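> Dropping the sequence and predicted coords here.
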Amino acid sequence: MPDHVHITVETAGDVIFITFRERKLETAAEIETECQTAIEEAGLNCVALDFTNALFMTSELFGVILRLNRKVLDLSKQAHKLCLCHVPDAIMDGFKVLNLVNVVTILENREAVLKFFK
């Protein structure tokens, strides 16, 4: 897989983990393009966005995550194939305020992701 500026990409079994490199996720269009490319190239239906390094994200990124969720659903034709993990409290608060906790699956860590996708 190619090198990306804003993300790192790893696979574990049938899951692609996309980890954000930056503390502040501010470049929505670039991040979206890199994530979409990684998902398409991996050819896997189970995608996890890992927020381990992130502390803040702009409101535009919520839209990016919703579009990525739709893309993964369209590719997999099944529900719950995109999830998030290691989401810090400040970003989780945004998901709660926007009432998105029922739209995307949010799990504690990578181990929970792997168990969820079994």
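Cool, the structure landed.
> what helix or strand does V47 sit in?
In the assignment (DSSP states H and E), V47 maps to strand 46-50.
> Identify the residues contacting that strand?
14-20, 35, 39, 65, 68, 72, 76, 81-86, 107, 110, 113, 117 (CB atoms under 8 Å, 6 or more residues apart in numbering). The way it works is simple: take the backbone N, C-alpha and C, and place the C-beta from them, glycine included.
> among these, which are in helices?
Members of these lying in helices (criterion: DSSP state H): C35, I39, I65, L68, V72, S76, R110, V113.
> So which of those is surrounded by the most neighbours?
Compared across the ones in helices among the contacts of strand 46-50, C35 has the highest neighbour count, 25 neighbours, by other CB atoms under 10 Å.
> correct me, but that one touches V64?
Yes. Assessed by CB atoms under 8 Å, C35 is found in contact with V64 at 7.4 Å.
> Any regions of the chain where pLDDT drops low?
Scanning the chain with the threshold set as pLDDT under 70 gives 1-2, 75-80.
> most distant residue from the middle of this structure?
In terms of distance from the mean C-alpha position of the chain, V97 ranks first, at 18.6 Å (CA atoms, centre = their mean).
> List the beta-bridge partners for the residue nearest in space to the middle of the chain.
When CA atoms, centre = their mean is applied to the chain, the residue found nearest the centroid is L49 (2.4 Å). Beta-bridge pairing for L49 (DSSP bridges): I18, L84.
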